[in-house]
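K.L.:
Pasting a predicted model and its sequence here:
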Amino acid sequence: ARTLTDVQTQLDMVSGISGIQIVLELSNGNVVRSRNSQKFSKGTSISYKVLFPQLSGYPKGNLKVYYGNSVFFHEVNRNGNYILLFAILISITFVWLASWLASHKITQPLQKIILTARRINAGHLDEEIRIDTQAAEIQDLADSLNLMSRRFRLDILELKRLTRFQNEFIGNVSHEVRNPIFSIGGYLEALASDNLTPKMRQMYVGKGLNNVQRLNSLFSDLLEIARLEYREETIKPDQFDLKSLLEEVADELDYLAKEKNIDLVVDNEHQQVFADRSRIRQVLMNLIHNALKYTDNANGTVRVRYRRNGNKVRVEVMDTGRGIAEEHLDRVFERFYRVDAARSRAMGGTGLGLSIVKQILNAHGENIHVESTEGRGSRFWFELPISASVSSANSI
């Protein structure tokens, strides 16, 4: 039945092109007739197996061609069946060639798209669909699938990066929490001993309290980072005087500067800026505290200055401390990253201060920068927008 259906299709195509009616009559009673609305009285017949070898398994029969009063077909009838056979062969060849070209230009690119899509689905994410076709619709389909594949690839890479980051973060938090808890447990066990002198007992209590404070600082910093990442409303910019804020922070950290015999210089002119005052206070506290903490040399200097840079103010925190090696500069703003881990923990650092600074400034649409020379000191700087009222007054 499938073979007869294919023959029916070919007869219809030839009949449509030539305007004749073709009838295939088999000896078993099957008849395949081209669908032609015209009625023809004259005709001729030839062996169907010459034209349709795929019917070799069927009973014998004849192929009849009917035509009207056309001069052309009269000539065909007069000169014999071979001319008609030749014409039909040419028509069938043309139909077959057209079908092959359509299959080659449409089916082959689609097959290539399907095979490549299967490879991408199997995990070969770097695969791209490359086809050579003049069919605009098929080319657009391939381009759209390539674009979708690239987006999926980027999303998968981002998910892998976030998963890796999450695992590292959980590992770091576990490590940071575990150490003070173990220390507190050891001090409590020591305090249970009856052989401790009052001085030793006081020392263990002090160390235990320091570790409790360290845990409290760690969780406070973690909560701060979470608020900055997931709650943009925590940034509430407003106009304030940068000089008064800087002097406020300097007064609070003056005890540490005097304790280490370091000059803390914050002599600047009044300057109105537009930012979240409490958050910028956190930034200055972290940067200045770090500068004081890692400046070991007595008579060292920590200087904070700012200057106009277009419609912004550049704030710089400079120190004459130990500096940071070049290989660490790209990572100092990562969470829990420490240039000197043992020393940082001994001094009570959580490894989150500079990460919080970066998060706060990013929430303001600004970046934090660092330059440092090992053994000579460091310079951190960032920019803040000048208050609109000040900019308008300066332009008058």
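P.N.:
Received, thanks.
K.L.:
contacts, neighbours, all on C-alpha from now
P.N.:
OK.
K.L.:
Show me the helices in the stretch 151-300 of the chain, by range?
P.N.:
198-230, 242-259, 277-293 (DSSP state H, counting those that start in this stretch).
K.L.:
okay, the ones you listed, which one's buried deepest?
P.N.:
Using mean count of other C-alpha atoms under 10 Å, the stretch among those with the greatest mean number of neighbours is helix 277-293 (a mean of 19).
K.L.:
How about residues contacting that helix?
P.N.:
Helix 277-293 is contacted by residues 235, 237-238, 240, 245-246, 249, 253, 256-257, 262, 302, 317-319, 321, 353-354, 356-357, 360, 380 when judged by C-alpha atoms under 8 Å, 6 or more residues apart in numbering.
K.L.:
now those: which count as buried?
P.N.:
Neighbour-count burial (16 or more other C-alpha atoms under 10 Å) is assigned, among the contacts of helix 277-293, to 235, 240, 246, 249, 253, 257, 262, 302, 317-319, 321, 353-354, 356-357, 360, 380.
K.L.:
Report the contact partners of Val357.
P.N.:
Gln282, Val283, Asn286, Leu287, Ile368.
K.L.:
switch the cut-off to 7 Å
P.N.:
Val283 (C-alpha atoms under 7 Å, 6 or more residues apart in numbering).
K.L.:
Same question for Gly375.
P.N.:
So Gly375 contacts Gly321, Arg322, Gly323 (C-alpha under 7 Å, 6+ apart).
K.L.:
Could you look up the SS state of the last one?
P.N.:
So the one you mean is Gly323. Here Gly323 is coil, with the state taken from DSSP: H, G, I helix; E, B strand; the rest coil.
K.L.:
Leaving out chain neighbours, which residue sits closest to Asp296?
P.N.:
Nearest in space to Asp296, with sequence neighbours left out and distances taken as C-alpha to C-alpha, 6 or more residues apart in numbering, is Gly321 at 6.1 Å.
K.L.:
Distance-wise, check that neighbour relative to Arg119.
P.N.:
56 Å (C-alpha to C-alpha, to the nearest Å).
K.L.:
Report the mean per-residue pLDDT for stretch 211-225.
P.N.:
Throughout stretch 211-225, pLDDT has a mean value of 78.
K.L.:
actually stretch 276-289, not the one I wrote
P.N.:
92.
K.L.:
how close does Asp276 sit to Ile360?
P.N.:
Taken as C-alpha to C-alpha, the span from Asp276 to Ile360 is 9 Å.
K.L.:
quick one on the thing from earlier: nearest to Val31, of the contacts of Gly375?
P.N.:
Gly323 (97.7 Å; C-alpha to C-alpha).
K.L.:
And that closest one, what's its pLDDT?
P.N.:
According to the prediction, Gly323 has pLDDT 87.
K.L.:
quick one, what contacts it?
P.N.:
So Gly323 contacts Ser372, Thr373, Glu374, Gly375, Arg376, Gly377, Ser378 (C-alpha under 7 Å, 6+ apart).
K.L.:
which one of the residues you listed is nearest Gln213?
P.N.:
Among those, Ser378 lies closest to Gln213 (C-alpha to C-alpha), at 28.2 Å.
K.L.:
Could you check how far the nearest residue to Asn211 once chain neighbours are set aside is from Leu209?
P.N.:
Distance criterion C-alpha to C-alpha, 6+ apart; nearest residue to Asn211, sequence neighbours excluded, is Pro180 at 5.2 Å. Using C-alpha to C-alpha, Pro180 is found at 10 Å from Leu209.
K.L.:
Ok, Lys293 next?
P.N.:
Distance, Lys293 to Leu209, by C-alpha to C-alpha: 21 Å.
K.L.:
next one: Leu141
P.N.:
The value you get for Leu141 to Leu209, if C-alpha to C-alpha is used, is 66 Å.
K.L.:
again, but for Gly323
P.N.:
As judged by C-alpha to C-alpha, Gly323 and Leu209 stand 31 Å apart.
K.L.:
And Glu127, by the same measure?
P.N.:
For Glu127, the distance to Leu209 - C-alpha to C-alpha - is 58 Å.
K.L.:
so where's the stretch 51-200 of the chain uncertain?
P.N.:
For the stretch 51-200 of the chain, the stretches flagged by pLDDT under 70 are 51-86, 96, 99-107, 124-125, 132-136, 165, 168-169, 171-173, 175-176.
K.L.:
quick one: the strands in it?
P.N.:
Along the stretch 51-200 of the chain, the segments classed as strands by DSSP state E, counting those that start in this stretch run 61-67.
K.L.:
Next up, phi/psi of Phe380, please.
P.N.:
Main-chain torsions, Phe380, degrees, to the nearest 10: phi -110, psi 140.
K.L.:
what's the first-to-last distance across stretch 269-282?
P.N.:
Terminal residues of stretch 269-282 are spaced 21 Å apart (C-alpha to C-alpha).
K.L.:
go on, stretch 325-334?
P.N.:
End-to-end distance for stretch 325-334: 16 Å, by C-alpha to C-alpha.
K.L.:
mind listing what Arg201 touches?
P.N.:
Arg201 neighbours (C-alpha under 7 Å, 6+ apart): Leu191.
K.L.:
Give me the local confidence score for it.
P.N.:
Model confidence at Arg201 (pLDDT) stands at 86.
K.L.:
again with the one 3 residues further on
P.N.:
As summarised for this prediction, Tyr204 has a pLDDT of 85.
K.L.:
Could you tell me how far it is located from Leu215?
P.N.:
Taking C-alpha to C-alpha, one finds Tyr204 at 17 Å from Leu215.
K.L.:
residues near the closest residue in space to Ala298 that isn't next to it in sequence, how many?
P.N.:
Leaving aside its chain neighbours, Ala298 sits nearest to Asn261 (5.4 Å; criterion: C-alpha to C-alpha, 6+ apart). When neighbours are counted by other C-alpha atoms under 10 Å, Asn261 registers 16.
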